[in-house]
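>>> Could you look at this predicted model? Sequence included:
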Amino acid sequence: MPAVSKGDGMRGLAVFISDIRNCKSKEAEIKRINKELANIRSKFKGDKALDGYSKKKYVCKLLFIFLLGHDIDFGHMEAVNLLSSNRYTEKQIGYLFISVLVNSNSELIRLVNNAVKNDLGSRNPTFTGLALHCIANVGSREMAEAFAGEIPKILVAGDTMDSVKQSAALCLLRLYRTSPDLVPMGDWTSRVVHLLNDQHLGVVTAAASLITTLAQKNPEEFKTSVSLAVSRLSRIVTSASTDLQDYTYYFVPAPWLSVKLLRLLQCYPPPEDPAVRGRLTECLETILNKAQEPPKSKKVQHSNAKNAVLFEAISLIIHHDSEPNLLVRACNQLGQFLQHRETNLRYLALESMCTLASSEFSHEAVKTHIETVINALKTERDVSVRQRAVDLLYAMCDRSNAQQIVAEMLSYLETADYSIREEIVLKVAILAEKYAVDYTWYVDTILNLIRIAGDYVSEEVWYRVIQIVVNRDDVQGYAAKTVFEALQAPACHENLVKVGGYILGEFGNLIAGDPRSSPLTQFHLLHSKFHLCSVPTRALLLSTYIKFVNLFPEVKGTIQDVLRSDSQLKNADVELQQRAVEYLRLSTVASTDILATVLEEMPPFPERESSILAKLKKKKGPSAVTDLEAAKRERGADVNGGPEPAPAGTSAASTPSPSADLLGLGAAPPVPAGPPPSSGGLLVDVFSDSPSAVAPLAPGSEDNFARFVCKNNGVLFENQLLQIGLKSEFRQNLGRMFIFYGNKTSTQFLSFTPTLICSDDLQANLSLQTKPVDPTVDGGAQVQQAVNIECVSDFTEAPVLNIQFRYGGTFQNVSVKLPITLNKFFQPTEMASQDFFQRWKQLSNPQQEVQNIFKAKHPMDTEITKAKIIGFGSALLEEVDPNPANFVGAGIIHTKTTQIGCLLRLEPNLQAQMYRLTLRTSRETVSQRLCELLSEQF
């Protein structure tokens, strides 16, 4: 920067600032400012032209007044005039004023852009630098439109000075972040990568920031940066601190550049070139080795810089997850930080080890630090560190240490901070279920959980324990005995009363033989809690009482007296009153056989993903809930010695083992016929990176597809990572569909590639045109894809939407059926009764009619049926059919080549819960397809 001459001291500005500082009150300050503003305004409006120095001085005063918090409504043109000055100090003040005061929507932007354009083309590098700084500071869309094409040229030009290259790289980065669509990718992208080889480390540092951001959005265009980044990183980590004197910070060579290069490498999988990969491994080993060396300085800046590089290197090791030796070394290095006196280092170590615990290579190494982590849970003063310790215990848990970890978490729960109690409760419940070898231990753990932190036990937790007890015959008697004993405590949490009421109502007969838990004793024990409970719990207890009438006929009279009491029959709550009336009548009128049928034991619940796990994922995000065993099963290995063998002649998918994982996480996938395809769920075959392999349809895809037959908008697919939504409209033979892809995680999706797959027959009959999608989807972001549709001729199949992307270094592959069906090209047609039956008789050939008689799958509601027929696309014709209970519809299927008239008649039989659906069209294939689609809706 040029030196400021003595004459540029602006004594008037100094005096004004001094006056402001000497003001004794706010009123005095405002008075002085108003006086100065009046003086400046008169100077600007005066007949005498001001010289550059005076303009600069007054503009500076206005800038100072603005920074004090006062509005400035004049002086902007004078500042713009300063931009055309050839004196550096005047131009600098002009740019400073513009950067601070000019709004991005201001009309002055065009004038500013002209001055900036002149300075960008200037041969004076200082002026070019000022212009670049102004563009970056304002960062408006207008500036991006004006200069996004010019700045890359300055950046890669051979004669550009190093300081200007730095400014150009950072300026381009700013514009890309604010208006990515206006920064054109072109020839400069391949040339900017080579700035990583520049001799000037300042240029390399700025270029690394720019390339990292660009690579996250366009990984393919910048993949050549990997080898250059590894080469530059190698030179930095192997150099002595004296070699990079200008960029050595407290004996650590170029720490910021090292961190940026390591972050850039995290945008890509491990290098495929063995030489590059070997060199990168050497770099990482060197960084880990240097971390073990004695510190060269006792100052905190030295340790901060050294640890910044170390933690970023560990993040890269975890991201690649391919070098067992490095992963174990990283774990051991982090283990040393667990007892470090610096709180931030302990926090970062625990956070990084959580991620390491999900890797099969380092899981065992992480487990060796269990005692240290438990000690941190007990002794840490900072709640955020304790929370990370809980996360790490959850991540390192497996069957070998589950009981110890659950016991420690329960012990900590009694004194845990209120802010994290609910999360600990969820994690204890998940671990107790997931690793329960003996389900009596599971029951004890959950009841203990309710006792210690009942207020934080959500409905999902006690629902889940009920599901498991109902599904497992071997634990039902123990559960009944245990809850009976727990309910005898003087003070019981309401959640315990709910669990006890449900379990005793179902399985109280299993402990009724013991005189200490006779039927009457069970009833009195539960009823003693009745008046202390909320309405929902009282309702549950009333259901338990009527169950007791069936289980224990000897207590029928006692229970009827309770149900008959005024406090129940005349209860102010309509739910309780209704239950009491109905249960009393049921117990009085129904025979023993009818009671046994109505009040029989609950059937087993269907196996599905735990609602507790779903709640934790919603609370923490999918990345926080790692399932090591599921991942290892994908890789063909199991942390506890392999999967349990299934009995001979049975499928592992259909026959759960005695210790079946009721979370649904450990369930083996169905064995497909033929070669095993890649999984379409959350975890895919991690060794299959081939984008050409299309996954089979995701679970539930057919059901979701059927739901869209009669509607056009909604969520088509959702798992822990991705949500796919649809919004579509159709008119005659044309349609337009918008597909919304939502990233539910906090991590970017890379190489995001959605593809529509059609068979040869479908391609001939259905024309689909798609627009490309951004290959990078930011965490929490949503991108949309437009699909233009044309129905050329009638068709029966549906296209398949295949989505492939990388999440956290792992290849993901999902396929779903896209709900583009023939009925979407239906145009409703209104017809009178006479016209309808005349047309109906014309379509009387056997090949023109398709009829289907089927059982109702859903409640036979008239209004819902009408809505579905209208949603299907046909017109609903009222008062056409002689039987008013029948539904009649008419419409025309539009294709590019022809129009096909369609008549339908739906006859419900409420008594038999059956439907008869008849469709008549001029084309047999159309009748058949429409009948298939509509039959699935009722």
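Arrived safely, thanks for sending.

>>> Please name the nearest non-neighbouring residue to residue 844.
residue 920 (7.8 Å; Cβ to Cβ, 6 or more residues apart in numbering). (C-beta placed from N, C-alpha, C; glycine too.)

>>> pretty sure the one you found is touching residue 928, no?
No. Using Cβ atoms under 8 Å as the test, residue 920 is too far from residue 928 to be in contact (11.7 Å).

>>> Mind checking which of the two has more residues around it?
residue 920 (21 against 16; other Cβ atoms under 10 Å).

>>> For residue 68, see how far away the more buried one is.
Here residue 920 is placed at a distance of 82 Å from residue 68 (Cβ to Cβ, to the nearest Å).

>>> Ok, residue 361 next?
From residue 361 to residue 68 the distance is 59 Å (Cβ to Cβ).

>>> Compare these two and say which one has the larger neighbour count.
residue 361 (16 against 11).

>>> can you count the residues close to the nearest residue to that one once chain neighbours are set aside?
Counting by Cβ to Cβ, 6+ apart, residue 361 lies nearest to residue 324, which is 4.0 Å off, once chain neighbours are set aside. By other Cβ under 10 Å, 13 other residues sit near residue 324.

>>> same thing with residue 300?
10.

>>> how far away is it from residue 315?
22 Å.

>>> cool, and residue 323?
Distance of residue 323 to residue 315, computed by Cβ to Cβ: 14 Å.

>>> Now do the shared contacts for these two.
Taking Cβ atoms under 8 Å, 6 or more residues apart in numbering as the criterion, residue 323 and residue 315 do not both touch any residue.

>>> Regarding the nearest residue to residue 198 once chain neighbours are set aside, what is its secondary structure?
Nearest residue to residue 198 in three dimensions, chain neighbours excluded: residue 204, at 5.3 Å (Cβ to Cβ, 6+ apart). Under DSSP: H, G, I helix; E, B strand; the rest coil, residue 204 falls in the helix class.

>>> count of residues packed around residue 204?
Neighbours of residue 204 (other Cβ under 10 Å): 25.

>>> In contact with it, which residues?
Counting by Cβ under 8 Å, 6+ apart, residue 204 has contacts 195-198, 232, 257.

>>> and with 10 Å instead?
Counting by Cβ atoms under 10 Å, 6 or more residues apart in numbering, residue 204 makes contact with 165-166, 169, 195-198, 228-229, 232, 236, 247, 254, 257, 260-261.

>>> Same question for residue 767.
By Cβ under 10 Å, 6+ apart, the contact set of residue 767 is 733-734, 758, 788-792, 896.

>>> Show me the beta-bridge partners of it.
In this structure, residue 767 bridges to residue 790 when assessed by DSSP bridges.

>>> Compute the distance between it and residue 180, please.
Taking Cβ to Cβ as the measure, residue 767 falls 31 Å from residue 180.

>>> likewise residue 36?
Counting by Cβ to Cβ - residue 36 and residue 180 are separated by 43 Å.

>>> which one of these two has more residues nearby?
residue 36 (19 against 15).

>>> so where's the stretch 1-150 of the chain shaky on pLDDT?
Applying pLDDT under 70 to the stretch 1-150 of the chain flags the ranges 1-9, 47, 103-106.

>>> 90 instead?
1-13, 16, 20, 36, 40-59, 68-125, 134-150 (pLDDT under 90).

>>> Please identify the helix or strand for residue 723.
Taking DSSP states H and E as the criterion, residue 723 maps to strand 722-731.

>>> list the buried ones in that strand?
722-726, 728, 730 (16 or more other Cβ atoms under 10 Å).

>>> Run the chain-centre distance for the helix or strand following it.
For strand 722-731, the following helix or strand on the C-terminal side (DSSP H and E) is strand 734-743. Centroid displacement of strand 734-743 relative to its chain, using Cα atoms, centre = their mean, to the nearest Å, is 19 Å.

>>> now strand 734-743 and strand 722-731, what's the angle there?
170 degrees (axes from the mean of the first three to the mean of the last three Cα atoms, to 10 degrees).

>>> Report all helices and strands that strand 734-743 contacts.
Other helices and strands packing on strand 734-743, by 3 or more Cβ pairs under 10 Å, 6 or more residues apart in numbering; DSSP states H and E, are strand 714-718, strand 722-731, strand 749-757, strand 766-770, strand 782-791, strand 800-807.

>>> One more pass at 6 Å, please.
Counting by 3 or more Cβ pairs under 6 Å, 6 or more residues apart in numbering; DSSP states H and E, the packing neighbours recorded for strand 734-743 are strand 722-731, strand 782-791.

>>> Direction included, what does that strand pair up with?
strand 722-731 (antiparallel), strand 782-791 (antiparallel).

>>> Give me the buried positions along it.
735, 737, 739, 741-743.

>>> what do you get for stretch 167-177?
Buried residues in stretch 167-177, counted by 16+ other Cβ under 10 Å: 167-176.

>>> what does it contact?
129, 132, 135-136, 139, 144, 148, 151, 154-155, 183, 206-207, 209-210, 213 (Cβ atoms under 6 Å, 6 or more residues apart in numbering).

>>> Please spell out the ChimeraX selection for the buried subset of those residues.
Restricted to buried positions by 16+ other Cβ under 10 Å, the ChimeraX selection for the contacts of stretch 167-177 reads:
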select :129,132,135,136,139,144,148,151,154,155,183,206,207,209,210,213
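
>>> Would you mind writing the CA trace of stretch 209-227 as PDB?
Taking Å, rounded to 0.1, in the frame of the first residue of the first chain, the C-alpha atoms of stretch 209-227 are listed here in PDB:
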ATOM      1  CA  SER A 209     -10.600 -21.600  -0.400                       C
ATOM      2  CA  LEU A 210     -12.100 -20.900  -3.800                       C
ATOM      3  CA  ILE A 211     -11.400 -24.400  -5.200                       C
ATOM      4  CA  THR A 212     -12.900 -26.100  -2.100                       C
ATOM      5  CA  THR A 213     -16.200 -24.300  -2.500                       C
ATOM      6  CA  LEU A 214     -16.300 -24.900  -6.200                       C
ATOM      7  CA  ALA A 215     -15.400 -28.600  -5.800                       C
ATOM      8  CA  GLN A 216     -18.300 -29.100  -3.400                       C
ATOM      9  CA  LYS A 217     -20.700 -28.000  -6.100                       C
ATOM     10  CA  ASN A 218     -18.900 -29.400  -9.200                       C
ATOM     11  CA  PRO A 219     -16.700 -32.300  -8.000                       C
ATOM     12  CA  GLU A 220     -16.000 -33.700 -11.400                       C
ATOM     13  CA  GLU A 221     -14.600 -30.400 -12.800                       C
ATOM     14  CA  PHE A 222     -12.000 -30.000 -10.000                       C
ATOM     15  CA  LYS A 223     -11.000 -33.600  -9.400                       C
ATOM     16  CA  THR A 224      -7.500 -32.900 -10.800                       C
ATOM     17  CA  SER A 225      -7.000 -30.700  -7.700                       C
ATOM     18  CA  VAL A 226      -6.600 -33.800  -5.500                       C
ATOM     19  CA  SER A 227      -3.100 -34.700  -6.700                       C
END
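
>>> after the helix or strand of the chain with the lowest mean pLDDT, next one along is what?
Every helix and strand in the chain was compared by mean pLDDT, DSSP states H and E; the lowest is helix 628-635, with a mean of 42. Note on helix 628-635: by DSSP H and E, the next helix or strand toward the C-terminus is helix 701-707.

>>> And the helices in the stretch 301-450 of the chain?
In the stretch 301-450 of the chain, the helices defined using DSSP state H, counting those that start in this stretch lie at 324-337, 343-356, 363-367, 370-379, 383-396, 402-413, 418-434, 439-453.

>>> what's near enough to touch the residue nearest the centre of the chain?
When Cα atoms, centre = their mean is applied to the chain, the residue found nearest the centroid is residue 744 (1.8 Å). Going by Cβ under 6 Å, 6+ apart, residue 744 touches 721, 723.
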